[in-house]
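Visitor: fold the stuff below for me.
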Amino acid sequence: MFNYKKHPFIIAEVGINHDGSLKKAKKLITLAQKSGASAVKFQIYKTEKIMSKNYSLKKIKNYSPTKQYKLLKKNELSLSQFNELKKFCNKKKIEFLATPFDNESADFLKKINVRLIKVASGDFNNFLFIDFLIKKRKHIIFSTGRMNLSQINKTIKFLKKKRFSNYSLLHCVSSYPTIPNEINLKTINFLKKKFKCNIGFSDHSKGILAPVIAFTLGATIIEKHITLNRNGNGPDHQSSLEPDEFRQMVDAITFTKVALGKAIKKTSKSELKTKDKSQRSLYLKRDMKKGQRIKFQDLISLRPSVGIKSYDYEKVINKKVVKNIKKNQVLNWRLLN
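Guide: Residues are numbered from 1 along each chain as shown. I've put the predicted structure just below:
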């Protein structure tokens, strides 16, 4: 199983939120690093190699090949620009990740020593492409958006057949933004038990709550889109976090990690300082003379706990007092026989 340097491994997904601008891409890298992300991720592709130009294809509802082609082309960065971004990430001390969409892009990422790549949900069952990737990679992150269990099983079976076992799966719902009743975070534990690998969460919902909950449910990787402006023109801006919000998400996850602690119940160091002040000892409700025996009705439990603990009251009943004791006197074992 792959050992991520940080747990959780938080990916600031730029995707194409740079809007085709190298300057914006660098600004997003800087802000992602300042926000506490473990890595920043881009989408690298050649539009001609991922879209068919055969516009006579059967029409798909709400899908325009021409519009989609223009959108991708507008946001496409060159390989030399990605090389510059990788060097910029090294300078900023944040890991550079990418999702390649074609063989040339995948080879390029290998050439510039990109440690991790992610296979997009749309390529999760693209065995032709996956077969190419696994021959060149030690570890791959797979996103599972739009996939059902049968389809996930099919890909895992293919990976096993190819003897590739070093992978992580991201629970993902590919709708932008994802509505709460479709996030289905319980899938994280289900996938973890089913496939026994690193399971993460690629989030497209609004806000920071879903990623924080995902971490508490065992997600070792958290991926969330980052943008300079959520009102920008593009498919991913609406479901992204602006830099200040991304920082809030990282802080919330960091707090949660510390707050979760360990699965053991013990008195904390800070509690020990006030334990005696808040708990109770046994005191007398009346004056008692030497030799008298203590009865149940003679006892009262009061703060602070500086004598015999209240939980030992049964051991005190019928004991004789060894000297005269005033009302409201705290009891200790030296006073009893």
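Visitor: for the rest of this, base every contact and every neighbour count on C-alpha atoms.
Guide: Fine.
Visitor: Asp298 against Leu284, yeah?
Guide: Yes. Taking Cα atoms under 8 Å as the contact criterion, Asp298 and Leu284 are neighbours in contact, 5.8 Å apart.
Visitor: what about the residue nearest to Thr220 when sequence neighbours are not counted, how many residues close to it?
Guide: Once flanking residues are discounted, Thr220 sits nearest to Pro8: 4.6 Å by Cα to Cα, 6 or more residues apart in numbering. Here the count is done by other Cα atoms under 10 Å, and Pro8 has 21 residues near it.
Visitor: need phi/psi at Pro8.
Guide: The main-chain torsion angles of Pro8 are listed as degrees, to the nearest 10 and equal phi -80, psi 160.
Visitor: next: the one 3 residues further on.
Guide: Main-chain torsions, Ile11, degrees, to the nearest 10: phi -100, psi 120.
Visitor: tell me the spacing between the residue nearest to Thr220 and Ala37.
Guide: 10 Å (Cα to Cα, to the nearest Å).
Visitor: likewise for Thr220?
Guide: Taken as Cα to Cα, the span from Thr220 to Ala37 is 14 Å.
Visitor: again with Ser105
Guide: 24 Å.
Visitor: which one's more surrounded, these two?
Guide: Ala37 (26 against 20).
Visitor: tell me which element the more buried one falls in.
Guide: For Ala37, there is no helix or strand it lies in under DSSP states H and E.
Visitor: helix/strand/coil for Glu84?
Guide: When the structure is reduced to helix, strand and coil (DSSP: H, G, I helix; E, B strand; the rest coil), Glu84 reads as helix.
Visitor: run a quick neighbour tally on it.
Guide: Counted with other Cα under 10 Å, the burial measure for Glu84 works out to 14 neighbours.
Visitor: tell me the pLDDT of it.
Guide: What the model reports for Glu84 is a pLDDT of 98.
Visitor: just Lys70 next, same as before
Guide: With respect to pLDDT, Lys70 scores 83.
Visitor: can you list phi and psi of it for me?
Guide: Dihedral angles for Lys70 - degrees, to the nearest 10 - are phi -60, psi -40.
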